[in-house]
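# Kindly generate the corresponding structure for this input.
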Amino acid sequence: MNRLTLIATALAMAALPAMAAPPEIRWARSWDEALKEAKDRNVPIHVAVHKDDSPDCATMAGSVFTSKEFIVASKNWVNVYCNRDTANGVAKVEGKDVCKLFPAMGCADHVACEKAVSAQFFKGAIAAPGIVWCDADGKEIGQFQGAMTAKALLEKMAAAVKKVGPGLALDDWLAAIGHLADGDKAVTDNLFTAAILAYSAVLKISKVPGAKTVVARAQAGLDRVNEQGMLQFQHAQEKVAAKDVKGAREELTKISATFKGLPAAKEADKALAKIEEDEKNKRMGDGNRR
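Numbering: from 1, shown residues only. A predicted model of the protein is given here:
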């Protein structure tokens, strides 16, 4: 091995730590996870296949993945990092074994991703880096083997975004997923007012392109909450039928406050109005008899 080769190899190896993804880029931990998220958000998928000993991979990770423009744009698609090499080892983060270079995932994750995409998109050996851009269903739109500049890759991904159609940006999707989780937990804990607030927060983005899936989940959550409200309403109606006006009024008032904005609350309000009307008529009748 001549002196120039040794220098080149040393420089390439020295650049390897730069392959760690910046924290601003969010990488899916599996191909299945990427597909699910892409469908939920109606966004394309960007697949990066790397090797530890590739200078081009190190260059891309150190320039493309750290580009502010790329980081911002990456929120409009799903990113998948694939690498079958594990020589860099693992680290402990919050008691879990994670990849030293990519602490957002375990080494097994990026190895599994590499196996999944290499069989699907590449035939034979992959010239690292390998880059694929796909639609929201994981169908290939295009690919490139070799290094790309941030500008060139951004142009390809912008075209993929146009092909897939308007999607839900990462920050909006993460916020919606958080609200859905809060709503589901609140339902489990019988905190129905909190559940309504959480699910309703998702409905606020109903007009945002690509929000159809999360909005549907939020509406389904509200429907489940309303079912609980209607069960309580039926119980209150039984008290009305039994002439337990005080008990019925208390339950209906609680339903109106707890399930505000839902059909159950509207039914409770109508029932309360009916009770008040009946009570008023009864008082007038008693007065006329006197």
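
# what about residue 91, which SS state?
strand (DSSP: H, G, I helix; E, B strand; the rest coil).

# which residues pair with it across the strands?
For residue 91, the beta-bridge partners under DSSP bridges are residue 98.

# you'd agree it is up against residue 101?
No. With contacts defined as Cβ atoms under 8 Å, residue 91 does not count as touching residue 101, sitting 9.3 Å away. No exception for glycine: its C-beta is placed from N, CA and C like everyone else's.

# out of the two, which sits in the busier spot?
Using other Cβ atoms under 10 Å as the criterion, residue 91 and residue 101 rank with residue 101 on top: 24 against 12.

# pLDDT at residue 286, what is it?
With respect to pLDDT, residue 286 scores 61.

# brain fart, residue 54
Residue 54 is given a pLDDT of 89.

# Now do the closest residue to it other than its chain neighbours: how many residues are near it, please.
Leaving aside its chain neighbours, residue 54 sits nearest to residue 128 (4.2 Å; criterion: Cβ to Cβ, 6 or more residues apart in numbering). When neighbours are counted by other Cβ under 10 Å, residue 128 registers 23.

# Quick check: the gap between residue 128 and residue 219.
Separation of residue 128 from residue 219 (Cβ to Cβ, to the nearest Å): 45 Å.

# Over to residue 32?
Distance, residue 32 to residue 219, by Cβ to Cβ: 25 Å.

# What's the first helix or strand after the helix or strand harbouring residue 222?
Using DSSP states H and E, residue 222 sits within helix 212-241. Scanning forward in sequence from helix 212-241 by DSSP H and E, the next helix or strand is helix 245-258.

# So which elements touch that next one?
helix 192-203, helix 212-241, helix 263-289 (3 or more Cβ pairs under 8 Å, 6 or more residues apart in numbering; DSSP states H and E).

# residues of the second one that come out buried?
The reference is to helix 212-241. The neighbour-count check on helix 212-241 (16 or more other Cβ atoms under 10 Å) flags 213-215, 217-218, 221-222, 225-226, 228-230, 232-233, 236-237, 239-240 as buried.

# and of the helices and strands packed on helix 245-258, who's closest to residue 66?
helix 212-241 (30.1 Å; Cβ to Cβ).

# Let's test this: mean pLDDT of that closest one, rounded?
Computed over helix 212-241, the mean pLDDT rounds to 97.

# please renumber so the chain begins at 10
Sure thing, new numbering starts at 10, so read that last one as helix 221-250.

# could you pull out the helices for the stretch 60-209 of the chain?
64-72, 77-82, 116-130, 159-173, 179-197, 201-212 (DSSP state H, counting those that start in this stretch).

# I'd like to know which of those helices is closest to residue 91.
helix 116-130 (3.8 Å).

# Can you find the helix or strand of this structure with the lowest average pLDDT?
Lowest on mean pLDDT, DSSP states H and E among the helices and strands of the chain sits helix 12-24, with a mean of 35.

# got the contact list for residue 54?
Going by Cβ atoms under 8 Å, 6 or more residues apart in numbering, residue 54 touches 43-44, 47, 86-89, 141-145, 147.

# The same query, at a cut-off of 10 Å, please.
37, 40, 43-44, 46-47, 86-89, 126, 141-150, 166, 169, 173 (Cβ atoms under 10 Å, 6 or more residues apart in numbering).

# I appreciate the help and will end here.
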